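# Okay, here's the prediction I keep looking at, along with the sequence it came from:
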Amino acid sequence: MADPHPETDTDTGMPRWVKVSGLIGILLVLVFVTVHLAGGGFRGHLHGGPTPPAPAAEPGVQPP
C-alpha cells in the first residue's frame, strides 16, 4: 500500500552543514574557555613572545 502522505517523509529541519558548523563552534568555545581556566591564556602570543620573569628583589636593595 502506498503512503497516503509522501510529503511527510522529507526532512524539514536544519541542513547538516549548519549542525556541523554549530558543533564545531561550540567545541572551539569550550577549548578556549578550558585553556583560559587552566591558566594558559595568550601570554606567549602577545607582543612577540613570552614575557620575561620579573627579577627577584634582594632584601634591602631598591629596584631600578
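That came through fine. What you see is a predicted model, and the numbers here were worked out from it, not measured in a lab.
# State the mean pLDDT of the helix or strand harbouring residue 31.
In the assignment (DSSP states H and E), residue 31 maps to helix 16-37. Regarding helix 16-37, the rounded mean pLDDT is 94.
# who touches it?
residue 41 (C-beta atoms under 8 Å, 6 or more residues apart in numbering). To be clear about C-beta, it is placed using only N, CA and C from the backbone, and glycine gets the same treatment.
# tell me which residues in it are buried?
Residues of helix 16-37 include none that count as buried (16 or more other C-beta atoms under 10 Å).
# Can I get it as PDB, trimmed to CA atoms?
This file holds the C-alpha atoms of helix 16-37, laid out as PDB (Å, rounded to 0.1, in the frame of the first residue of the first chain):
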ATOM      1  CA  ARG A  16      23.600  19.100   8.100                       C
ATOM      2  CA  TRP A  17      26.200  21.800   7.400                       C
ATOM      3  CA  VAL A  18      24.500  24.100   9.900                       C
ATOM      4  CA  LYS A  19      24.500  21.400  12.600                       C
ATOM      5  CA  VAL A  20      28.200  20.600  11.900                       C
ATOM      6  CA  SER A  21      29.200  24.200  11.900                       C
ATOM      7  CA  GLY A  22      27.400  24.800  15.200                       C
ATOM      8  CA  LEU A  23      29.000  21.800  16.800                       C
ATOM      9  CA  ILE A  24      32.500  22.900  15.700                       C
ATOM     10  CA  GLY A  25      31.800  26.400  17.000                       C
ATOM     11  CA  ILE A  26      30.700  25.100  20.400                       C
ATOM     12  CA  LEU A  27      33.800  22.800  20.600                       C
ATOM     13  CA  LEU A  28      36.100  25.800  19.800                       C
ATOM     14  CA  VAL A  29      34.500  27.900  22.600                       C
ATOM     15  CA  LEU A  30      34.800  25.000  25.100                       C
ATOM     16  CA  VAL A  31      38.500  24.600  24.200                       C
ATOM     17  CA  PHE A  32      39.100  28.400  24.500                       C
ATOM     18  CA  VAL A  33      37.400  28.500  27.900                       C
ATOM     19  CA  THR A  34      39.200  25.400  29.100                       C
ATOM     20  CA  VAL A  35      42.600  26.800  28.100                       C
ATOM     21  CA  HIS A  36      42.000  30.100  29.900                       C
ATOM     22  CA  LEU A  37      40.700  28.400  33.000                       C
END
